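Chemist: Compute the structure for the input listed below.
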Amino acid sequence: MKETDKTTLPIVQMAKDNDDFRKVVKTGGKMQVVLMAIPAGSEIGAETHEGHDQVLIFVEGSGKAMIGDTETAVREGDLSFVPSGAYHNFINDGAGPLKLYTMYAPPEHDAGVRHGTKAEADAAEH
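Modeler: So this is what the prediction gives:
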């Protein structure tokens, strides 16, 4: 059985092992779990999700969370909550990758989506 077919996942280790910019690992009717790896000096990209709340949990690296008008440092063990309609961006300001898993409610991406790089993700969304 593939990891993504299970209902209980070793998500922290999966996030640490992930090198893809975005990798959807589980999609339900009302929520989705996605792994992300942001290279040093890069960012997720400024965006606003209408109708979607998002939680990001950081498992490796360091960066900046920009949510609304607030900027906060993030590192391993931190959680950021992005309410629906809030402008947000997450920037890797560390020397290595910023790795995390994120949950969208409801799902934001197609089930099974995998983008190796931010450029691939940007191209798929435009």
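
Chemist: quick one: average confidence on the host helix or strand of K26?
Modeler: Per DSSP states H and E: K26 is located in strand 22-27. Here strand 22-27 scores 92 as its mean pLDDT.

Chemist: Mind listing what's buried along the helix or strand just after it?
Modeler: Heading C-terminal from strand 22-27, the first helix or strand you meet, by DSSP H and E, is strand 32-38. Of all the residues in strand 32-38, those buried under the rule 16 or more other Cβ atoms under 10 Å are Q32, V33, V34, L35, M36, A37, I38. Quick note: C-beta positions are derived from backbone N, CA and C, even for glycine.

Chemist: go on, stretch 14-30?
Modeler: M14, A15, K16, N18, D20, F21, R22, K23, V24, V25, K26, T27.

Chemist: which one of those residues is nearest N92?
Modeler: F21 (11.2 Å; Cβ to Cβ).

Chemist: Touching, the closest one and M36? I think so.
Modeler: Yes - contact criterion Cβ atoms under 8 Å: F21 and M36 qualify, at 6.4 Å.

Chemist: Save the buried residues of strand 32-38 as CSV, and put in distance to A95 and pLDDT too.
Modeler: Shown next, in CSV, are those (distance: Cβ to Cβ, whole Å; pLDDT from 0 to 100):
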residue, distance to A95, pLDDT
Q32, 30, 94
V33, 27, 94
V34, 24, 93
L35, 21, 97
M36, 18, 96
A37, 14, 97
I38, 13, 97
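
Chemist: Nearest to A73 among those?
Modeler: Nearest member of the buried residues of strand 32-38 to A73, counting by Cβ to Cβ, is I38, at 14.6 Å.

Chemist: contacting residues for that closest one?
Modeler: When contacts are counted by Cβ atoms under 8 Å, 6 or more residues apart in numbering, I38 touches F21, I44, G61, G63, F90, I91, N92, P97, L98, K99, L100, K118.
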